[in-house]
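Sequence unavailable; structure follows:
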DNA sequence: ACTATAAGATACGGGACCGTATCTAAGGAA
DNA sequence: TTCCTTAGATACGGTCCCGTATCTTATAGT
């Protein structure tokens, strides 16, 4: 009730500050805007402060419209991450191990570590530390569902072609590249450049699989 | 005001459920209880939901007592983490590189990855992703202030004694062990066992510094 | 143009925290 | 014992978010 008969009060609707309230969005367009808003909110405030009202505000829509489709902020982010996640499989050849490893880590960097995705992923990983179901969901719906294992794919490929001793391919070795990228992201937030990725390959992965480039170790 | 003159109402004070409200704590004893409560709250709910009221509740004290000493929940956790952080320096000998590396990673595991500390650290690292000042503070007041660099210390030591080619010791190589422990913690939460640490050393670090154990690579 | 559908605006009552003020009372020190 | 410091209990007014209900209206489909 309260003041129903207001028909035209002068302004065109909701939030003034941000945008001039263009048209009314629906369907995919609206959903995409909400997904983006959810990711931005997560990146800015973290999972713990992620809120339906915050997402609605940022997306320039009404809370009602969110509850129509989702029942928690978390559902929105997960869906958003899932949809946006690029994640092509690395497709290695068979005669440039170094190049293919670099390519796979570059792929990972670009997919997972741009500023927005990286922060969202970090926030989700942290939250999933406390919530096993979320952890499960994250790995099942997002990581595993999309290939996920970057250097692993390359290394297995080369092993199958007899260029790597299969005995070298342990879980630890599969993780070296991803682990170093992860650590880079954690302690110097920001994005590792191509040289750093090359260094990971030359100085950590290749030695571990027995392709130590004894000659020229770059500083 | 409201009902001031209640002198003895029967119960002995605050929260019923948990403890029989023993004595009144003060000074260090109280502070320690609050520190612990703050860490537990962080581990359970994350930085984003860390709250003065929550800490007070868990510590069995009054909000007032918190504000007397700190002005935000974050201040409490940081102080708590700083005080509790064990962090002995690894003290390598000079003729058991493998053993000393394992020891340094074991030290790190035990210091940083027990369930409570690990979760608090994770939560703080995540939060610091969004707040550069916190990141700065965390690394300055906690990590660097306490030595922090585990395998690095060992590797440098052996390089000084001529047992490792110094050209091999790049930032990437210094990070391998810590990175793999970090990744372990992130994707299979839980604590890596001794075998896993040995695998990190044998399969990743030693090869990277040119001590590849060609002979017996464990599966 | 007409109609069903979905978006948007608004208003609740309810709950959790905030940060502060105020008062009681316990524990130590003199 | 007496006194002083400090812990503890409680109550605010304020803000933010929850989840739902209600009503209006833009838009797509026919």
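Cool, got the structure. Here the structure is a predicted model, which is why all the values come from computation and not from measurement. Residues are numbered from 1 along each chain as shown, chains lettered A, B, ... in the order given.

okay, and for chain A, where does confidence drop off?
Residue ranges of chain A with pLDDT under 70: A:1-22, A:85-90, A:145-148, A:212-219.

Not including adjacent chain positions, what is the nearest residue to residue A:175?
Computed as C-beta to C-beta, 6 or more residues apart in numbering or on different chains, the closest residue to residue A:175 that is not its neighbour in sequence is residue B:183, at 5.5 Å. Heads up, the C-betas are built off the backbone N, CA and C, glycines and all.

ok, how many other residues are close to that neighbour?
19 (other C-beta atoms under 10 Å in any protein chain shown).

and it, what helix or strand is that in?
helix B:171-187 (DSSP states H and E).

Which SSE is immediately downstream of that helix?
helix B:194-200.

And for that following helix, what's in contact with it?
With contacts defined as C-beta atoms under 8 Å, 6 or more residues apart in numbering or on different chains, helix B:194-200 is touched by A:170-172, B:102, B:105-106, B:109, B:176-177, B:180-181, B:184, B:218.

make it 6 Å
The contact list for helix B:194-200 (C-beta atoms under 6 Å, 6 or more residues apart in numbering or on different chains) reads A:172, B:102, B:105-106, B:177, B:180.

next one: stretch A:155-162
A:92, A:94, A:97, A:164, A:166, A:169.

still on that earlier bit, so which other helices or strands are in contact with the helix holding residue B:183?
helix A:171-187 (3 or more C-beta pairs under 6 Å, 6 or more residues apart in numbering or on different chains; DSSP states H and E).

Buried residues in the helix it packs on, which are they?
The neighbour-count check on helix A:171-187 (16 or more other C-beta atoms under 10 Å in any protein chain shown) flags A:172-187 as buried.

And stretch A:67-81, by the same measure?
Buried-residue list, stretch A:67-81, by 16+ other C-beta under 10 Å: A:70, A:73-74, A:76-81.

likewise stretch A:101-116?
Neighbour-count burial for stretch A:101-116 [16+ other C-beta under 10 Å]: A:101-109, A:111-113.

ok, now which ones touch the residue in chain A that chain B sits nearest to?
With C-beta to the nearest C-beta, the shortest gap between chain A and chain B falls at residue A:48, namely 1.7 Å. Contacts for residue A:48 (C-beta under 6 Å, 6+ apart) come out as B:46, B:48-49.

mind running it again at 8 Å?
A:127, B:45-50.

go on, residue A:120?
A:39, A:42-43, A:77, A:80-81.

From DNA strand C, how far off is it?
Look at residue A:120 and DNA strand C: by C-beta to the nearest atom of the strand, to the nearest Å, they are 22 Å apart.

in which helix or strand would I find that residue?
Secondary structure (DSSP H and E) places residue A:120 in helix A:115-130.

where's the helix or strand harbouring residue A:134 relative to the chain centroid, distance-wise?
Applying DSSP H and E as the criterion places residue A:134 in helix A:132-137. Put simply, helix A:132-137 sits 16 Å off its chain's centre (C-alpha atoms, centre = their mean, to the nearest Å).

how far does the longest helix along chain A sit from the chain's center?
For chain A, the helix with the greatest residue count under DSSP state H is helix A:27-45. Mean C-alpha position of helix A:27-45 versus that of the full chain (C-alpha atoms, centre = their mean) differs by 14 Å.

Please apply the same query to stretch A:25-44.
15 Å.

close enough to count as contact, the residue nearest to residue A:175 and residue A:174?
No. With contact defined as C-beta atoms under 8 Å, residue B:183 does not count as touching residue A:174 (10.4 Å).

So which of the contacts of helix B:194-200 is the closest to DNA strand D?
residue B:180 (36.9 Å; C-beta to the nearest atom of the strand).

Surely that closest one is in contact with residue A:172?
Yes. With contact defined as C-beta under 8 Å, residue B:180 counts as touching residue A:172 (6.3 Å).

Report the set of residues contacting both of those two.
Counting by C-beta under 8 Å, 6+ apart, the residues touching both residue B:180 and residue A:172 are B:200, B:204.

which SSE is the residue nearest to residue A:35 when sequence neighbours are not counted in?
Excluding the flanking residues, the one nearest residue A:35 by C-beta to C-beta, 6+ apart is residue A:80, at 3.6 Å. Secondary structure here is read from DSSP H and E; on that basis residue A:80 sits in helix A:73-84.

near DNA strand C, anything from that helix?
No. Counting by C-beta under 7 Å from any atom of the strand, DNA strand C has no neighbours in helix A:73-84; the shortest distance is 13.7 Å.

tell me the contacts of residue A:35?
A:76, A:79-80, A:83-84 are the contacts of residue A:35 under C-beta under 8 Å, 6+ apart.

Other residues contacting stretch A:68-88?
A:31, A:34-36, A:38-39, A:41-42, A:47, A:50-52, A:54-55, A:66, A:107, A:110-111, A:117, A:120-121, A:124, A:134, A:137-138, A:141-142, A:145-148.

and if we set it to 6 Å?
A:35, A:38-39, A:42, A:50-52, A:111, A:120, A:141-142, A:146-147.

circling back to that earlier point, the helix holding residue A:120 vs DNA strand D: in contact?
No. Judged by C-beta under 7 Å from any atom of the strand, helix A:115-130 and DNA strand D are separated, with a smallest distance of 14.4 Å.

Could you give the number of residues near the residue nearest to residue A:41 when sequence neighbours are not counted?
Nearest residue to residue A:41, sequence neighbours excluded (C-beta to C-beta, 6+ apart): residue A:54, at 5.0 Å. Here the neighbour count serves as a burial measure; for residue A:54 (other C-beta under 10 Å) it reads 18.

The residue nearest to residue A:175: what's it in contact with?
A:175, A:179, A:182.

now these in TSV, with distance to residue B:201?
As requested, those are exported to TSV (distance: C-beta to C-beta, whole Å):
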residue	distance to residue B:201
A:175	14
A:179	14
A:182	19
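
and which of those is nearest to DNA strand D?
Using C-beta to the nearest atom of the strand, the contacts of residue B:183 come closest to DNA strand D at residue A:182, 29.4 Å.

one step back: what sits closest to the residue of chain A closest to chain B if chain neighbours are left out?
residue B:48 (1.7 Å).

Next, the one you found: phi, psi?
phi -70, psi -20 (degrees, to the nearest 10).

which among the contacts of residue A:35 gets closest to DNA strand D?
residue A:76 (10.6 Å).

distance of the closest one from residue A:35?
7 Å (C-beta to C-beta, to the nearest Å).

I figured residue A:191 was touching residue A:113, is that so?
Yes. Under the criterion of C-beta atoms under 6 Å, residue A:191 makes contact with residue A:113 at 5.3 Å.

before we move on, the earlier item: weed out the non-buried ones from the contacts of stretch A:155-162.
The buried subset of these (16+ other C-beta under 10 Å) comprises A:92, A:97, A:164, A:169.
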